[in-house]
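>>> I need the structure of the sequence given here:
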Amino acid sequence: MSNSPNDPQAGQGRPLPKKEADLFKSVVKHYECKQYKKVIKSADTILKRFPNHGETLCMKGLTLNSMSKREEAHALVKQGLMKDMRSH
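Have a look, this model is predicted:
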């Protein structure tokens, strides 16, 4: 198993690198402040490198739910939980 940053499994159940971990903290802050467009933009940046990061998938899903995009939100949260059951 590779630990390359381009490994599609990187981030799955493992901590994100510092840059992405800091970006994830901003995702949570933006969500709490209801700055949903910023959440989506930051989450997409993380998911571009770590498409299987469960917590980011779930946060994007929660955000889409708050934007009344229920079907897409449900699918992302479900996918996020499947990727990382420890997600909150």
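>>> okay, residue 86: pLDDT?
On pLDDT, residue 86 comes in at 65.
>>> now the residue most central in space within the chain: which helix or strand?
Residue closest to the average C-alpha location in the chain (Cα atoms, centre = their mean): residue 56, at 1.0 Å. In the assignment (DSSP states H and E), residue 56 maps to helix 54-66.
>>> still on that earlier bit, quick check: the gap between the residue nearest to the centre of the chain and residue 40.
Distance of residue 56 to residue 40, computed by Cβ to Cβ, to the nearest Å: 11 Å. Glycine gets a C-beta too; all of them are placed from N, C-alpha and C.
>>> what residues are shared contacts of the two?
Overlap of the contact sets of residue 56 and residue 40 (by Cβ atoms under 8 Å, 6 or more residues apart in numbering) is empty.
>>> all helices for the chain, in order.
18-32, 36-49, 54-66, 70-83 (DSSP state H).
>>> what's the most buried one of the ones you listed?
Highest mean neighbour count among the helices of the chain (mean count of other Cβ atoms under 10 Å): helix 54-66, with a mean of 22.
>>> from the chain's centre, how far out does that one sit?
Distance, stretch centre to chain centre, for helix 54-66: 6 Å (Cα atoms, centre = their mean, to the nearest Å).
>>> mean confidence for that helix?
97.
>>> appreciated, that's everything.
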